[in-house]
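>>> this one's sequence-less:
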Ligand code: IVH
């Protein structure tokens, strides 16, 4: 029976909401922008055709999802709007007609700019100093990512001749070469790759440790204003010029044009030029330039009527899908992969593409033998996005979800749209878990890459992760390309890993949702594996950045019998189960990376304060500068206090300092 319109609508809503959450909240989208735009459009069209069914909370009524809990959430002084999209020159023409009509005979000039595929931010300067940086969040409120933004090289921390209060709106991106280098490093370390530069930038801005952010060469480009009462700018073209006069990063490529012909020519020119830009450009933004005209045109609740985005078609190609294979992830999630007849796409040869999950396959009715469209919209892993039904052959075969794990034959469970192998002995999972355990970011075992792990497991030398420590050189020598020397080296590498700090071991266990940063926080908080293992949910939520859901995941992980066996084995092998002195001292205390200056008379010797600041990860210097984070001011503080005030540096009394220092999560 075919679904009723209400059922179809419910399904569409659910889909769009899920992808919104994946994109906005979790920063791990599953589908390309183009695929999302199509889905979103389907929803818009459906709502237009069935106004009676309209859900007041439909995603089409708002800009995005809710911000994460872990950063402070702050309301935007002026909401951050989104843009409406167009996909054809015809639609673009309709936009220009609407503008002309609503301007009642006034003629309009346009600014044409690249649409940067990055992460939208709002940066606030007061008295010429950068005081705040927010993500867009849901458009009304965003995450306070000031510390992370301050690490961006091309973003000045202070600017001369700015109005007293001014907010710039723009896009943070990771330049293409840096993105490629970051992924190469992640691949070497066995860490998951970022699908595209935008995800890499979003993932980076969401890191809670700004020192980590600083290691990645993010950049920003400004194209708009938020709250800016004293700005004398009168048009978008004027703003571009002002931005560059202030020495702020703006668009080098922009055009000032008139009329439909001028707009179209600029949009086409941009399509040619965009390949040279350091950032990914997925479209052109067309803006009515004069601010007084923008005001006349106004906005809907989602987007301005004076601007529109024109999206360039993503790179696509058609080819034959000749088989489906499966990948089993570390936690058992099964991803169907399309094996394709090789085809050229964005300059590379593509022979595999993700099919995401079995619901997607069913929804698109993809079959083996079909001609399919593959797309690579900035992503490294191409995706199958559609089927060419006209070319379907009779012998095409439907793709049925496997009844058992394709690697180990174990039982499968359905979780949301995914199938998961629940077997504890799945060889596919074991390989991924071992790879994760050994990679450079975790236990850092030299020589234990993907190939070696595959050989060890396939030869039956390791059946459970903990058996890695029972390996000896003898049996290894039988493996391909393994001599006596390399076997000994590998064993030495494995043995050396026993002495790694606790956080690496915790990270290496592969607890769902626990990355390196969280593993460090857990090590610091519990200081031993035994304490972490026994922790109740109520204890776990005490740890910085651990919410209820993550706490429950961790709790359950430690209640599984396979975890008990694993930990027993690791302990017996002599792995380090206790936090090391240096882990507790410097790594990420409450003052991690913060620069202090101490002044005035305090109730204890300065050295005592210095030592405490250092033990909580901070540093102390003698003089106040723009780089100072805190001034600890005792009684009768003098010129340093004045200077700190002038620079807007946070000033702490002894009591405030005690409060902050005491709030560290250490026992
Ligand atoms: S103007 C009120 N200009 O695209 C106007 N946005 O799809 C709001 N974007 O949220 C945005 N390049 O993150 C504007 N030159 C540009 C842009 C741009 C990229 C992003 C921005 C916005 C999204 C809308």
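Okay, I see it. Note that the coordinates shown come from a computational prediction; the quantities given were computed from them, not determined experimentally.
>>> tell me what the helix or strand where residue 457 lies is packed against?
With elements taken from DSSP states H and E, the one containing residue 457 is helix 450-458. Using 3 or more CB pairs under 8 Å, 6 or more residues apart in numbering; DSSP states H and E, the elements in contact with helix 450-458 are helix 427-438. No exception for glycine: its C-beta is placed from N, CA and C like everyone else's.
>>> quick revisit: the helix holding residue 457: which residues count as buried?
Across helix 450-458, burial judged by 16 or more other CB atoms under 10 Å covers 452-453, 455-457.
>>> again, but for stretch 302-318
Within stretch 302-318, the residues scored as buried using 16+ other CB under 10 Å are 303-312, 314-317.
>>> quick one: that stretch to chain centroid distance?
22 Å (CA atoms, centre = their mean, to the nearest Å).
>>> that one - what's its average pLDDT?
For stretch 302-318, the mean per-residue pLDDT is 90.
>>> in this protein, what residue is nearest the ligand?
The ligand sits closest to residue 120 of the chain, with a gap of 3.1 Å, by CB to the nearest ligand atom.
>>> which other residues reach the strand or helix carrying that residue?
In this structure, residue 120 sits in strand 119-126 according to DSSP H and E. The set of residues external to strand 119-126 that reach it, using CB atoms under 8 Å, 6 or more residues apart in numbering, is 76-77, 80, 130-136, 142, 145, 149, 155, 158-159, 162, 164-173, 198, 201-202, 205, 220, 222, 226-227, 648.
>>> turn the buried residues of stretch 302-318 into TSV, including secondary structure and distance to residue 284.
Listed next are the buried residues of stretch 302-318 as TSV, based on DSSP: H, G, I helix; E, B strand; the rest coil; distance: CB to CB, whole Å:
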residue	secondary structure	distance to residue 284
303	coil	16
304	strand	16
305	coil	17
306	coil	15
307	strand	11
308	strand	9
309	strand	7
310	strand	5
311	strand	9
312	coil	8
314	coil	15
315	coil	17
316	strand	19
317	strand	24
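>>> what angle separates the helix holding residue 457 from helix 427-438?
Interaxial angle of helix 450-458 relative to helix 427-438 (axes from the mean of the first three to the mean of the last three CA atoms, to 10 degrees): 130 degrees.
>>> what does the next helix-or-strand element following helix 450-458 contact?
Next along the chain after helix 450-458, taking DSSP H and E as the criterion, comes helix 473-476. Under the criterion CB under 8 Å, 6+ apart, residues 459, 461, 482, 484, 487-488, 490-491 lie in contact with helix 473-476.
>>> same thing with stretch 454-467?
Residues outside stretch 454-467 that contact it (CB under 8 Å, 6+ apart) are 425, 427, 430-431, 433-434, 437, 468, 471, 475-476, 478-480, 565-566, 568-570, 573.
>>> can you say which of these are buried?
Buried among those by 16+ other CB under 10 Å: 427, 430-431, 433-434, 437, 468, 471, 476, 479, 566, 569-570, 573.
>>> rebuild the residues you listed as a markdown table, extending it with distance to residue 354 and pLDDT.
What follows is those, written out as a markdown table (distance: CB to CB, whole Å; pLDDT from 0 to 100):
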| residue | distance to residue 354 | pLDDT |
| --- | --- | --- |
| 427 | 22 | 93 |
| 430 | 22 | 94 |
| 431 | 19 | 94 |
| 433 | 21 | 93 |
| 434 | 23 | 95 |
| 437 | 25 | 95 |
| 468 | 30 | 96 |
| 471 | 34 | 94 |
| 476 | 34 | 91 |
| 479 | 31 | 88 |
| 566 | 30 | 95 |
| 569 | 34 | 96 |
| 570 | 34 | 97 |
| 573 | 37 | 95 |
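>>> and the angle from the particular helix or strand that has residue 242 in it to strand 307-311?
Using DSSP H and E, residue 242 falls within helix 236-245. Relative orientation of helix 236-245 and strand 307-311, computed by the same axes, to 10 degrees: 80 degrees.
>>> briefly note if helix 236-245 comes near the ligand.
No: Helix 236-245 lies apart from the ligand when judged by CB under 6 Å from any ligand atom; the minimum separation is 9.3 Å.
>>> hmm, who's touching that helix?
Helix 236-245 has contacts (CB under 8 Å, 6+ apart) with 109, 111, 168, 222-225, 231, 233, 249-251, 254, 256, 287-291.
>>> next SSE downstream of it?
Once the chain leaves helix 236-245, the next helix or strand it forms, by DSSP H and E, is strand 255-258.
>>> so which elements touch that next one?
strand 109-116, helix 259-273.
>>> what about it, distance to the chain center?
35 Å.
>>> strands paired with it, and their directions?
According to DSSP bridges, strand 255-258 has the following sheet partners: strand 109-116 (antiparallel).
>>> show the average pLDDT along the partner strand.
For strand 109-116, mean pLDDT is 97.
>>> show me the contacts for the closest residue to residue 412 other than its chain neighbours.
Closest residue in space to residue 412, ignoring its immediate chain neighbours: residue 419 at 4.9 Å, by CB to CB, 6 or more residues apart in numbering. By CB under 8 Å, 6+ apart, the residues touching residue 419 are 333-334, 357-358, 401-402, 412-413.
>>> try 10 Å this time
326, 328, 332-336, 357-359, 401-403, 405-406, 412-413 (CB atoms under 10 Å, 6 or more residues apart in numbering).
>>> which among these are in contact with the ligand?
Taking CB under 6 Å from any ligand atom as the test, the ligand is in contact with none of those.
>>> buried subset of the residues you listed?
For those, a burial check counting by 16+ other CB under 10 Å picks out 326, 328, 332-336, 357-358, 402, 405-406, 412.
>>> strands - which of those land there?
Residues of those located in strands (DSSP state E): 326, 328, 334-336, 412.
>>> with distance to residue 39 and pLDDT as new columns, can those residues be given to me in CSV?
Shown next, in CSV, are those (distance: CB to CB, whole Å; pLDDT from 0 to 100):
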residue, distance to residue 39, pLDDT
326, 25, 93
328, 27, 91
334, 23, 92
335, 20, 91
336, 19, 94
412, 27, 95
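>>> SS state for the residue nearest to residue 412?
With DSSP: H, G, I helix; E, B strand; the rest coil as the basis, residue 419 sits in strand.
>>> ok, back up a step: just the buried subset of the contacts of helix 473-476, written out for ChimeraX, thanks.
Provided next is the ChimeraX selection string for whichever of the contacts of helix 473-476 are buried by 16+ other CB under 10 Å:
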select :461,482,487,490,491
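>>> quick one: which of the contacts of helix 473-476 is nearest to residue 639?
residue 490 (60.6 Å; CB to CB).
>>> count of neighbours near residue 642?
Applying other CB atoms under 10 Å, we find 11 residues neighbouring residue 642.
>>> can you give me the helices for the stretch 1-150 of the chain?
5-20, 33-49, 89-102, 146-150 (DSSP state H, counting those that start in this stretch).
>>> off-centre distance for the longest one?
Averaging C-alpha coordinates over helix 33-49 and over its chain gives two centres that are 24 Å apart (CA atoms, centre = their mean).
>>> quick one: it to helix 5-20, angle?
Put simply, helix 33-49 runs at 150 degrees to helix 5-20, going by the same axes, to 10 degrees.
>>> and for the third one?
Comparing the axes of helix 89-102 and helix 5-20 via the same axes, to 10 degrees yields an angle of 90 degrees.
>>> helices and strands around helix 89-102, which ones?
strand 85-86, helix 259-273, strand 281-288, helix 291-297, strand 307-311 (3 or more CB pairs under 10 Å, 6 or more residues apart in numbering; DSSP states H and E).
>>> can you list contacts of that helix?
Residues outside helix 89-102 that contact it (CB under 10 Å, 6+ apart) are 84-86, 88, 106-108, 110, 259-260, 263-264, 267-268, 284, 286, 288, 293, 296-298, 305-310.
>>> give the pairing partners of whichever strand or helix holds residue 319; include direction for each.
Assigned by DSSP H and E, residue 319 belongs to strand 316-328. Partners of strand 316-328 in the sheet, by DSSP bridges, are strand 334-345 (antiparallel), strand 371-375 (antiparallel).
>>> wondering if stretch 298-311 reaches the ligand at all.
Yes: Stretch 298-311 reaches the ligand (CB under 6 Å from any ligand atom) through 304, 307, 309.
>>> ditto for stretch 209-224
Yes: Stretch 209-224 is in contact with the ligand by CB under 6 Å from any ligand atom, via 223-224.
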